[in-house]
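**Student:** Here is a sequence with its predicted model. Questions after.
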Amino acid sequence: MDGGRDLLAGRIPVTLLTGFLGAGKTTLLAKLVRHPDMKRVAVVINEVGEIGIDHDIVATASENISLLANGCICCSVRTDLQDTLRELFGQRRAGAIADFDRVVIETTGLADPAPVVQTLSSDTMLATHYRLDGVVTLVDAVNGATQLAQQPEAVKQIALADRVFITKSDIASAAQVEALRSAVESLNPGARVSLLVNGEIAPGELTNLGLASTRAGAQTLSFLGEPLQGEGGQGERSLRRTPPHDPAIRTLSLRFERPFTWNAFSAAMELLTTLRGPDLLRVKGIVNVEGKPVVVQGVQHVFHEPVELDRWPSADTDTRLVFITRRIEERTIRNLFDAVAAAAS
Ligand SMILES: Nc1nc2c(ncn2[C@@H]2O[C@H](COP(=O)(O)OP(=O)(O)OP(=O)(O)O)[C@@H](O)[C@H]2O)c(=O)[nH]1
């Protein structure tokens with residue numbers, strides 16, 4: 001991405017891409033992997049089934065390593081991040097996958113990035129081959145203020161960042177953007193803050209974040225009350241544990257065989273966002289709208305423009321929806337969608 005391996009240090013630079021649920025991480029990566037400068041980059045995605053990128057996979061090198069049309073390596077974390085990074089390095093050395101000069105890791109929206117930062121430096125094997133270049137955090141101009149007020153992980157993602165991008169300024173008011181910018185600057189005065197609309201940036205914007213990352217990272221970890229971990233094993237444990245988050249937050253996956261009409265589906269979504277918007281942290285999925293695949297995305301009360309795909313990503317044509325909610329019962333959502341699906345048939 002920046003045209004050369006980290007020859008000086010001899011280690012592969014790693015960019016950590018964070019941002020709360022729905023901030024626009026996948027949108028940014030889906031654009032970046034199509035960029036010619038991304039050929040020598042391995043993208044590690046912490047979540048399986050990212051529709052935007054799944055669509056571009058042209059070959060599979062191993063169970064979790066895939067190749068995209070432009071040669072970029074795309075890797076999903078199925079067990080844990082450390083194993084994935086080790087496997088990636090091993091496969092590169094064995095010549096099983098193309099050489100790469102850089103790694104970009106997308107963390108899940110609910111993750112606290114601190115354990116990943118710590119592990120990259122404290123796991124002896126990883127620290128020999130990789131180094132953290134920097135942490136890039138995306139924050140949504142419409143929902144960011146609420147997320148920062150309610151979710152400690154969102155605060156940590158900002159606090160650890162070397163660069164912060166405020167996304168979705170195209171659908172937010174100037175006042176929302178400015179309020180968020182001041183909130184971000186007060187949480188992390190050292191970070192550069194810019195706007196990012198629909199993931200449109202050059203790959204170079206995510207690299208060479210430089211020494212600042214180590215310094216700011218260390219300062220911030222201590223500011224957040226995170227002990228800086230010692231060598232070896234402790235770092236491993238910290239990465240393997242499930243990041244602690246609000247126990248009221250749940251992930252709920254629904255599947256429907258029968259197709260929806262767009263009117264029925266959107267009526268159900270509208271009802272749900274009106275009634276429970278603030279507790280609907282994230283909705284995403286693929287909906288069978290009278291046979292056609294439509295990708296839907298929502299973040300709290302905001303429902304994004306649905307995108308019709310030209311083909312189904314796999315043979316599975318069921319509607320699949322993932323909801324990340326706070327204090328919403330599974331049956332509330334299921335009943336609502338079942339009722340709508342039944343009424344429309
Ligand atoms: N209007 C607008 N929509 C955006 C922008 N960036 C992302 N989106 C939309 O926001 C929704 C969520 O974006 P994603 O890229 O999936 O967000 P994410 O951070 O990967 O989400 P998680 O996987 O839940 O953590 C999608 O519908 C995007 O099209 C932007 O700058 N402007």
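**Tutor:** Perfect, I can see it now.
**Student:** can you pull the pLDDT of the residue in the stretch 51-200 of the chain that the ligand sits nearest to?
**Tutor:** Nearest to the ligand in the stretch 51-200 of the chain, going by C-beta to the nearest ligand atom, is Gly109, at a distance of 3.0 Å. C-beta coordinates here come from the backbone N, C-alpha and C atoms, glycine included. As predicted, Gly109 sits at a pLDDT of 80.
**Student:** Equivalent analysis for Leu148, please.
**Tutor:** With respect to pLDDT, Leu148 has a value of 92.
**Student:** now the one 3 residues further on
**Tutor:** The score at Gln151 is 86. That number is its pLDDT.
**Student:** Leaving out sequence neighbours, find the closest residue to it.
**Tutor:** Distance criterion C-beta to C-beta, 6 or more residues apart in numbering; nearest residue to Gln151, sequence neighbours excluded, is Phe20 at 6.4 Å.
**Student:** Beyond the helix or strand of the chain with the lowest mean pLDDT, next helix or strand please.
**Tutor:** Within the chain, judged by mean pLDDT, DSSP states H and E, the helix or strand with the poorest mean is helix 233-240; its value is a mean of 34. Sequence-wise, the next helix or strand downstream of helix 233-240 (DSSP states H and E) is strand 249-256.
**Student:** How about that following strand and the ligand, any contact?
**Tutor:** No. Strand 249-256 lies out of reach of the ligand by C-beta under 6 Å from any ligand atom, never closer than 10.5 Å.
**Student:** who does that strand touch, helix- and strand-wise?
**Tutor:** Here strand 249-256 touches strand 319-326, helix 330-344, going by 3 or more C-beta pairs under 8 Å, 6 or more residues apart in numbering; DSSP states H and E.
**Student:** follow-up on the earlier one: next up, phi/psi of the residue nearest to Gln151, please.
**Tutor:** phi -70, psi 170 (degrees, to the nearest 10).
**Student:** residues touching it, list them.
**Tutor:** Listed by C-beta atoms under 8 Å, 6 or more residues apart in numbering, the contact set of Phe20 reads Gly109, Leu110, Val139, Asp140, Asn143, Gly144, Gln147, Gln151, Glu153, Ala154, Gln157.
**Student:** so how far is Gly109 from it?
**Tutor:** To Gly109, Phe20 is 5 Å away according to C-beta to C-beta, to the nearest Å.
**Student:** Same check on Asp83?
**Tutor:** Taking C-beta to C-beta as the measure, Asp83 and Gly109 are separated by 22 Å.
**Student:** Also Ile97?
**Tutor:** According to C-beta to C-beta, Ile97 and Gly109 sit 27 Å apart.
**Student:** These two: which is more packed in?
**Tutor:** Gly109 (25 against 20; other C-beta atoms under 10 Å).
**Student:** Now do the contacts for the residue of the stretch 51-200 of the chain closest to the ligand.
**Tutor:** Residues near Gly109 by C-beta under 8 Å, 6+ apart: Gly19, Phe20, Leu21, Gly22, Ala23, Lys25, Arg282, Ile324.
**Student:** and the angle for the helix or strand where Gln297 lies with strand 319-326?
**Tutor:** Secondary structure from DSSP H and E places Gln297 in strand 292-299. Interaxial angle of strand 292-299 relative to strand 319-326 (axes from the mean of the first three to the mean of the last three C-alpha atoms, to 10 degrees): 10 degrees.
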